[in-house]
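Chemist: Let me see the structure of the following:
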Amino acid sequence: MVKQIKRQKAKGKWQKCFGCESGVTLVELLIVVAIAGAMAMIALPAFSSGLETMRLSQASDSIAAFLNGALNRAERRQQVLEISFSTQDNRVLLRSVDGVFSRKLEMPDGIKIDAVLPRVPGDAAGRRFLLLPGATAPRIGVQLANRRGARRLVSVDPITGVPKIERPDNP
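Modeler: Below is the predicted model:
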């Protein structure tokens, strides 16, 4: 008799229950999707802000490298260069005075050239600077801004001639 009970228990472990169905119901699936959607809605603004900050950092690095390359080209090739900043077109243009060399840098989407420093009254469209070989670097400053109002200032130190990036106090 003990053997029969053991056999019945062993059969019960391996047999399937025909009345039971296992799986996920539609209501359970909708609850999981709703929770995942709520978590995504909470995380999206932080993710978006991080992308805009990264674009601003990349744009300021690009301007600093562009200015550094322009200053090096003027000095090493003994070539007079003109660098122009257009706030309307949102780009920087570098060209040689003889017209042989030209390079353009456009700002990424969501980043704009807010101001070119030092400010000159009545000059809203942009500014031009001449880079002369053997001369000190002009005092150039470019203020960039993103859609959220964060700003970066890329400026050339006139003593060392090296561009630097600063985070000005946001108003």
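
Chemist: so where do the helices sit in this structure?
Modeler: With DSSP state H as the criterion, the chain has helices at 2-14, 26-76.

Chemist: Present those helices as CSV; the columns should include distance to residue 144.
Modeler: Glycine gets a C-beta too; all of them are placed from N, C-alpha and C. Shown next, in CSV, are these (distance: least, C-beta to C-beta, whole Å):
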stretch, distance to residue 144
helix 2-14, 69
helix 26-76, 6
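
Chemist: Redo these as a markdown table? Include mean neighbour count.
Modeler: Output for these, formatted as a markdown table (neighbours: other C-beta atoms under 10 Å):
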| stretch | mean neighbour count |
| --- | --- |
| helix 2-14 | 8 |
| helix 26-76 | 14 |
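
Chemist: wait, which of these is closest to residue 159?
Modeler: Of all these, helix 26-76 sits nearest to residue 159, with 12.9 Å by C-beta to C-beta.

Chemist: quick one on the thing from earlier: make JSON lines out of the helices of the chain and add mean pLDDT.
Modeler: Formatted as JSON lines, these follow (pLDDT from 0 to 100):
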{"stretch": "helix 2-14", "mean pLDDT": "52"}
{"stretch": "helix 26-76", "mean pLDDT": "90"}
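
Chemist: For the spatially most central residue of the chain, give its distance to residue 41.
Modeler: Centroid-nearest residue in the chain: residue 55, 1.2 Å away (criterion: C-alpha atoms, centre = their mean). According to C-beta to C-beta, to the nearest Å, residue 55 stands 22 Å off from residue 41.

Chemist: Between the helices of the chain, which one is closest to residue 94.
Modeler: Closest to residue 94 of the helices of the chain is helix 26-76 (C-beta to C-beta; 5.1 Å).

Chemist: The closest residue in space to the residue nearest to the centre of the chain that isn't next to it in sequence - how many residues pack around it?
Modeler: Spatial nearest neighbour of residue 55, chain neighbours left out: residue 108 (5.2 Å); criterion: C-beta to C-beta, 6 or more residues apart in numbering. For residue 108, the number of neighbouring residues by other C-beta atoms under 10 Å comes to 13.
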